[in-house]
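*Asks:* from the sequence below, what's the structure:
(4 chains)
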Protein chains: 2
Amino acid sequence: MNISAASKAAGLPVKTVRYYADIKLVEAPSRSEAGYRTYDDVAVRKLVFVRRSRAFGFSIEVCRELLGLYQDQDRTSSEVKRIASKRLEEIEEKQRELQSLHDELAHLVTSCRGDHMPDCPIIDYLG
Amino acid sequence: MNISAASKAAGLPVKTVRYYADIKLVEAPSRSEAGYRTYDDVAVRKLVFVRRSRAFGFSIEVCRELLGLYQDQDRTSSEVKRIASKRLEEIEEKQRELQSLHDELAHLVTSCRGDHMPDCPIIDYLG
DNA sequence: CTAGTCCTTCCAGTAACTGGAAGGTCAAGG
DNA sequence: CCTTGACCTTCCAGTTACTGGAAGGACTAG
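*Replies:* Below is the predicted model of the structure:
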């Protein structure tokens, strides 16, 4: 499988697959004579794993860790759970931030008449 | 006011104030003979305005636009409201994303026993 | 006079890609 | 055999909004 076939199979852009190879997150298992990266099913599965992990917002470094656990038969589920719980807390923290931001901004937007006059509670609040 | 006094008054790091000057978002109104940036109350008010705008998640470019409206006596509140509404929608979109991420991850975390065994629904889901 | 704290500019690094240039490779069609 | 077009390669630069640090000048207190 050349890189474009692998990228399609994994659901990732070619550039991203090459980038993951560069940073040694998921390397191509081999190269053709001409130097083309060659992927197999195992590598594609790792790429998919990373894509799904990234979708949860895990950083590349954490993905690296998760990928290690994925391939480690001696892992414990507590290690995985700890990482996922940490991410869950980050998400919850972000949700709280966004919620207060949302409420404040929504209130301002509601109170702004949005007409042709310069008076604006949003600008007043910021200034 | 030297840059450190201005940064304290504005509630921003010195580095950030200098950065805002570099990108011509909020420039120092003058320089001392030795080349030190000198700020006045008007400039500090602009810095505060930017700080508050940034806190809402407005990008630097949008802050530039808002700052223009802030100083424009002929602005219409509808322009401001349009920008703020757009940001509000972005926030809401982000909230929806985070919510589904949260629900999915929370479900996985709950279903993972977190013991010393390798079996893990989180890893299973990612792989 | 000197120590310490300010200020300056400039360069590099962050996260995770993405775009693009220059150039080599390969398969199909004429 | 040649060419065209779609691949592939590496390398460099840009994105966002700063942040850290080095080298060196300015200023103030003792």
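*Asks:* test my guess that residue A:27 contacts residue A:21.
*Replies:* Yes: with contact defined as C-beta atoms under 8 Å, residue A:27 reaches residue A:21; the gap is 5.1 Å. Every residue, glycine included, has its C-beta placed from N, CA and C.
*Asks:* what about these two, which has more around it?
*Replies:* The neighbour comparison of residue A:27 against residue A:21 (other C-beta atoms under 10 Å in any protein chain shown) goes to residue A:21, with 17 against 14.
*Asks:* the more buried one: what secondary structure?
*Replies:* Secondary structure, DSSP: H, G, I helix; E, B strand; the rest coil: residue A:21 is helix.
*Asks:* what sits against it?
*Replies:* Contacts for residue A:21 (C-beta atoms under 8 Å, 6 or more residues apart in numbering or on different chains) come out as A:27-28, A:37.
*Asks:* can stretch A:62-72 be said to contact DNA strand C?
*Replies:* No: shown here: stretch A:62-72 not in contact with DNA strand C (C-beta under 7 Å from any atom of the strand), separated by at least 7.6 Å.
*Asks:* ok, of the contacts of residue A:21, which one's closest to DNA strand D?
*Replies:* Comparing the contacts of residue A:21 against DNA strand D with C-beta to the nearest atom of the strand picks out residue A:37 as the nearest, at 3.3 Å.
*Asks:* what's the burial count for that closest one?
*Replies:* 18.
*Asks:* likewise for residue A:30?
*Replies:* Neighbours around residue A:30, by other C-beta under 10 Å: 11.
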